[in-house]
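A.B. asks: sequence and predicted structure below; questions after.
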Amino acid sequence: MVKTSIEDLTTFHSELTISKNAGENHVLRLRLGICPQKVTGVTTFNDFDNNSFKVREWTQLEWYNFRDTIFAQADMWNNQFWLIPPKDFKELDIDAGYVKFRPNIKCELFVQVWNTPAMAQMKIKVAKLDDTVTGDSTTFRSDAVTYDSLDGVAHTFQIPDAGGNKTNIVHYTIPHEIGHALGQPHIGVLKKTAACTLAIAGNPSDPMSAGGANSNRCYGFGGPPSIAENIMGYGTKFDEVNAEPWVKRIAQHTGTDAAKWQVKLAEMPPFMVTA
Ligand SMILES: [Zn+2]
């Protein structure tokens with residue numbers, strides 16, 4: 001029996017919209033509730049690396065603008081993944097009379113802002129950096145539960161591959177942190193790259209391995225640009241492994257084995273199924 005809705009306050013909610021039209025895919029929408037909370041009543045605030053920054057109060061306009069930035073940047077996760085059902089999964093086929101169609105699953109993300117912390121999966125503290133603090137999203141090091149007012153400002157990293165050839169990679173903090181909120185680790189962990197695996201095991205002679213699963217190696221530093229450019233590395237690109245939150249969830253909705261679903265990074269219209 002297919003579930004069209006799953007409520008999960010510890011991860012995210014999800015809704016499966018079942019297509020009635022043979023030409024249209026089904027849609028799996030993950031609904032991540034966040035409750036952004038202003039850092040208020042203090043004049044300094046520490047980032048993930050324990051560096052102290054001067055902060056001030058948010059104006060109401062700045063606050064709403066920042067919330068809009070969260071929505072806009074989280075939207076990068078949309079229109080990235082389509083899931084192809086297991087061969088033996090027929091339950092959501094559409095009978096068009098003389099033939100059947102098997103829609104694929106279009107993956108969507110909806111970030112919902114809650115004012116009530118208990119309704120949200122993630123409570124995110126957001127610091128308004130003082131006007132004397134300038135730069136971009138890398139000035140203050142954010143994490144999945146702590147953002148700052150410069151997080152909307154992209155940073156360009158120059159990341160070397162194994163041969164030392166550098167690639168300019170534009171980094172946006174918010175979609176990367178949304179990835180963590182969806183349960184994704186860094187790309188090196190997802191792809192089990194040798195350099196990241198070594199960093200996690202402990203590689204004290206290499207400063208780029210410091211931090212283990214959060215190390216530069218696990219972001220793809222010194223690896224091929226296809227790894228470093230990933231959304232869970234330094235960049236904005238998506239790989240099949242990034243669809244994991246949807247793959248695991250569609251398996252729950254349909255009572256199927258997650259390993260049998262295939263991920264495509266381009267739109268796949270429904271297939272015609274022969275009996
Ligand atoms: Zn990260």
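C.D. replies: Arrived safely. Numbering: from 1, shown residues only.

A.B. asks: just the strands in the stretch 151-275 of the chain please.
C.D. replies: Here the stretch 151-275 of the chain has its strands, by DSSP state E, counting those that start in this stretch, at 155-160, 166-171, 262-264, 271-273.

A.B. asks: partners of the last one, with directions?
C.D. replies: With DSSP bridges as the test, strand 271-273 is paired with strand 100-102 (antiparallel).

A.B. asks: and the strand it pairs with, what's its mean pLDDT?
C.D. replies: Strand 100-102 carries an average pLDDT of 95.

A.B. asks: and that strand, how far from the chain's centre?
C.D. replies: 31 Å (C-alpha atoms, centre = their mean, to the nearest Å).

A.B. asks: name the residues that touch that strand?
C.D. replies: Residues from elsewhere that reach strand 100-102 (C-beta atoms under 8 Å, 6 or more residues apart in numbering): Ala22, Gly23, Pro85, Lys90, Leu92, Asp93, Ile94, Pro270, Phe271, Met272, Val273, Ala275. Bear in mind the C-beta positions are built from the backbone N, C-alpha and C, glycine included.

A.B. asks: kindly report the same for stretch 167-180.
C.D. replies: Residues outside stretch 167-180 that contact it (C-beta under 8 Å, 6+ apart): 32, 69-70, 73-74, 76-77, 109, 111, 137-138, 142-144, 147, 151-152, 154-161, 225, 228-229, 231-236, 242.

A.B. asks: and those, which are buried?
C.D. replies: By neighbour count, with 16 or more other C-beta atoms under 10 Å, these hold 32, 69-70, 73-74, 76-77, 109, 111, 137-138, 142, 144, 147, 151-152, 155, 157, 159, 161, 225, 228-229, 231-236, 242 as buried.

A.B. asks: re the thing from before, which of the strands of the stretch 151-275 of the chain has the lowest mean pLDDT?
C.D. replies: Note on the strands of the stretch 151-275 of the chain: strand 271-273 shows the lowest mean pLDDT, a mean of 92.

A.B. asks: which of the residues in that one are buried?
C.D. replies: Of all the residues in strand 271-273, not one is buried under the rule 16+ other C-beta under 10 Å.

A.B. asks: name the residues that touch that strand?
C.D. replies: With C-beta under 8 Å, 6+ apart, strand 271-273 has contacts from Lys90, Asp93, Val99, Lys100, Phe101, Arg102, Asn104.

A.B. asks: switch the cut-off to 6 Å
C.D. replies: By C-beta atoms under 6 Å, 6 or more residues apart in numbering, the surrounding residues in contact with strand 271-273 are Asp93, Val99, Lys100, Phe101, Arg102.

A.B. asks: which of the residues you listed are buried?
C.D. replies: Buried members of those, scored by 16+ other C-beta under 10 Å, are Asp93, Lys100, Phe101, Arg102.
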